[in-house]
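Q: Need coordinates for the below:
(one chain, ligands or ions: 2)
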Amino acid sequence: MSKTFDIGLETLTGGAGLSIGAEKVGPAVEAPELGTLRGTFFLETFGCQMNDHDSEKVAGVLLSRGYRQVESPDAASLILYNTCSIREKAAQKVFSRLGEFGLQPNDGRIIGVLGCVAQQEGENIFKRAPWVSLVCGSASYSKLPELLAQVEAGNQRVTGLDNDTDETFETPVTRRDNPWRAYLTIIEGCDKACSYCVVPYTRGPERSRGSDSILREVRELAELGYSEVQLLGQTVNSYKDPTARKMKFSELLLAVADEPGIRRVRFTTSHPRDFSHDIVDAIDAQPKLCNHVHLPVQSGSTRVLHAMQRTYSLEEYLEKIAMIRGAKRSISITTDIIVGFPGETDEDFAETVSLLETVKYDGVFSFKYSPRPHTPSLKMNDAIPEEEKGRRLTLLQEKQREIQTIRHLSMVGETFETQVSAKSRRENQWSGHTSCHRVINFASQEPMLLGKYVQVRVTGATPNGLAGEQAP
Ligand code: 5AD
Ligand code: SF4
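A: Residues are numbered from 1 along each chain as shown. Ligands and ions are numbered 1, 2, ... in the order given. The predicted structure is shown next:
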């Protein structure tokens, strides 16, 4: 479900805002009223939406300290990389970025590595890239102001690597990238122990944020003009309210949707084990809850699921799918799949391909298995050769492409409420998302639609999205 046309940068940053109490100002701005101007920072983010949102909060911390955000590392006195280590390739990107600085004489700029690679590699980063002076994992972000103070005082080796915490990262100021849709992390870390996954190590144990504080922030966001809220967590539906109110996840969804001004509520990522019927009931009862569930399966073979320590069999997963398909509303289902897990046979892989046919997913994110440090599967035998992983990935993606093409063609003639998020460079062409999270490119003569909700009639389809025209 990728974007089918490029959007001009201004569409995403033009109205983007800094959420401070009841004010809203543009992004990448000097915020001298928040502190003494200290310098400039450049922040590049890799990886998932959780990282994107962490970066929005880190930017908020820096702006409050009197820094100004700039768009290039050359113009920055503080350069930060918020990193991802979910697969080897993602982790390597950071070292290639850091390598770029190694080629230059030290010119006094401060360089910091944040996020999952920071946690995974720890102080080794100082050995591989001695010009780095800050290494901080996401579980230590609540200490970021103190750590920055140390860096500012000239300390060359500052670390925040404690990941056994019960704290969540909350900031008084968040510099959000999108002016209409706000990310909001409700649960951090992960208590599952999937054998391939580095996240429990890099992000620490599960910690849920109090429902009172979440609802307060949603209220503020609505007052600032945000109409869509996306609740985030590695296992978002494992949410456990730490307050006396003890709200269930489905109750929280309904309470967020009830806040005046909120028109759409999304949530990602759901874990099949904790996906219960009350979530489907909530989606049925409240149209503001988007009709889309991202439910990673990882494999269609119970044998492989067991080796992955996913805590469910294929049959149990299919029961969850049947539950979602049994809803009164039509709910889109997307998933994540890993091919080439150690010991995955041709038969196991055939079961995964056959699962695509059974479920007919609305979208699939598929990956080649990548061995990660600190994970149980690192020591498993029967590694699958890279070429074979590549062959399986291509096959799976071709199959899914066919399924999506048929699905999208069947939507021609339907009309969807679309939240307009981008203007194309082509005249009178816009792009937005349906509630079921499809990208739809459409024609409209109206001069200004960004951020609005309009009805769009589908007139054409591609494997990755829909095309249409604004309906009267
Ligand atoms: N190798 C390949 N893919 C992985 N994922 C997580 N860990 C790995 C790994 N070691 C995938 C899973 C997860 C998604 C975010 O990334 O499919 O759901
Ligand atoms: Fe990783 Fe599994 Fe936790 Fe998802 S549920 S973050 S795949 S350990």
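Q: switch to C-alpha atoms for all contacts and neighbour counts from now on
A: OK.
Q: From ligand 1, how far off is the residue of the stretch 201-350 of the chain found nearest ligand 2?
A: The shortest separation between the stretch 201-350 of the chain and ligand 2 is 4.9 Å, found at Gln234 (distances taken as CA to the nearest ligand atom). Here Gln234 is placed at a distance of 8 Å from ligand 1 (CA to the nearest ligand atom, to the nearest Å).
Q: Report the contact partners of that residue.
A: With CA atoms under 8 Å, 6 or more residues apart in numbering as the criterion, the residues that contact Gln234 are Met50, Ile187, Glu188, Gly189, Cys190, Thr268, Thr269, Ser270.
Q: Checking my notes, it in a helix, right?
A: No - counting by DSSP: H, G, I helix; E, B strand; the rest coil, one finds Gln234 to be coil, located in no helix.
Q: which parts of this protein sit against ligand 1?
A: If contacts are counted using CA under 6 Å from any ligand atom, the residues of the chain sitting beside ligand 1 are 86-87, 196-197, 296, 298, 336-338, 367-372.
Q: Would you mind measuring from Ala232 to Leu356?
A: Careful, residue 232 is Leu and not Ala. Leu232 sits 26 Å away from Leu356, taking CA to CA, to the nearest Å as the criterion.
Q: Check what pLDDT Pro105 gets.
A: In the predicted model, Pro105 carries a pLDDT score of 50.
Q: what's the answer for Asn163, then?
A: Note on Asn163: pLDDT of 83.
Q: Arg203 is in contact with that one, correct?
A: Yes - under the criterion of CA atoms under 8 Å, Asn163 makes contact with Arg203 at 6.7 Å.
Q: The residues of the chain next to ligand 1, buried ones only, as a ChimeraX selection?
A: Selection of the buried residues among the residues of the chain next to ligand 1 in ChimeraX, burial being defined by 16 or more other CA atoms under 10 Å:
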select :86,87,196,197,296,298,337,338,367,368,369,370,371,372
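Q: and Gln397, how far is that from ligand 1?
A: Separation of Gln397 from ligand 1 (CA to the nearest ligand atom): 14 Å.
Q: ok, that residue - contacts?
A: Residues in contact with Gln397 (CA under 8 Å, 6+ apart) are Ser366.
Q: from what I can see, it looks like it's in a helix, true?
A: Yes - if the criterion is three-state DSSP, then Gln397 is within a helix.
Q: which residues in this protein form helices?
A: Listed in chain order, the helices of the chain (DSSP state H) span residues 9-13, 49-64, 88-102, 116-121, 124-128, 144-152, 199-203, 211-223, 249-258, 277-285, 302-307, 314-325, 346-359, 386-409.
Q: Show me whatever sits in contact with both of Asn163 and Arg203.
A: Between them, Asn163 and Arg203 share the neighbouring residues Gln119, Gly137, Ser138, Ala139, with contact defined by CA under 8 Å, 6+ apart.
Q: give me the number of residues near Asn163?
A: Using other CA atoms under 10 Å, the number of residues around Asn163 comes to 19.
Q: roughly how far apart are it and Asp336?
A: Distance from Asn163 to Asp336, by CA to CA: 26 Å.
Q: Same check on Ser301?
A: Counting by CA to CA, the separation of Ser301 from Asp336 is 14 Å.
Q: where does the stretch 51-200 of the chain dip in pLDDT?
A: Under the criterion of pLDDT under 70, the regions of the stretch 51-200 of the chain flagged as low confidence span 101-107.
Q: which parts of it sit against ligand 2?
A: The stretch 51-200 of the chain has residues Cys190, Lys192, Ala193, Cys194, Cys197, Val199, Pro200 near ligand 2, with proximity defined as CA under 6 Å from any ligand atom.
Q: got a list of what the residue nearest to the first one when sequence neighbours are not counted touches?
A: Right, the one you point to is Cys190. By the measure of CA to CA, 6 or more residues apart in numbering, the closest residue to Cys190 outside its immediate chain neighbours is Glu206, 4.6 Å from it. With contact set as CA under 8 Å, 6+ apart, Glu206 has these partners: Ile187, Glu188, Gly189, Cys190, Asp191.
Q: do Ile262 as well
A: With contacts taken as CA under 8 Å, 6+ apart, Ile262 has the following neighbours: Ala222, Tyr226, Ser227, Glu228, Val229, Val256, Lys288.
Q: check contacts around the second one.
A: It stands for Tyr226. For Tyr226, the contacting residues are Pro179, Trp180, Arg181, Ala182, Gly261, Ile262, taking CA under 8 Å, 6+ apart as the criterion.
Q: pLDDT value on it, please?
A: Tyr226 is assigned a pLDDT of 97 by the prediction.
Q: so how far is Arg181 from it?
A: When CA to CA is the yardstick, Tyr226 and Arg181 sit 6 Å from each other.
Q: my read: Val412 touches Ala461, true?
A: Yes - with contact defined as CA under 8 Å, Val412 and Ala461 form a contacting pair (7.1 Å).
Q: Of the two, which one has the most company?
A: For Val412 against Ala461, the residue with the higher neighbour count under other CA under 10 Å is Ala461, and the figures read 21 against 16.
Q: Next one: that one, what pLDDT does it get?
A: What the model reports as pLDDT for Ala461 is 97.
Q: Any idea what it is bridged to?
A: On the basis of DSSP bridges, Ala461 takes part in beta bridges with Leu466.
Q: neighbour count winner among Leu232 and Leu356?
A: A direct count of neighbours by other CA under 10 Å for Leu232 and Leu356 places Leu232 higher, at 22 against 19.
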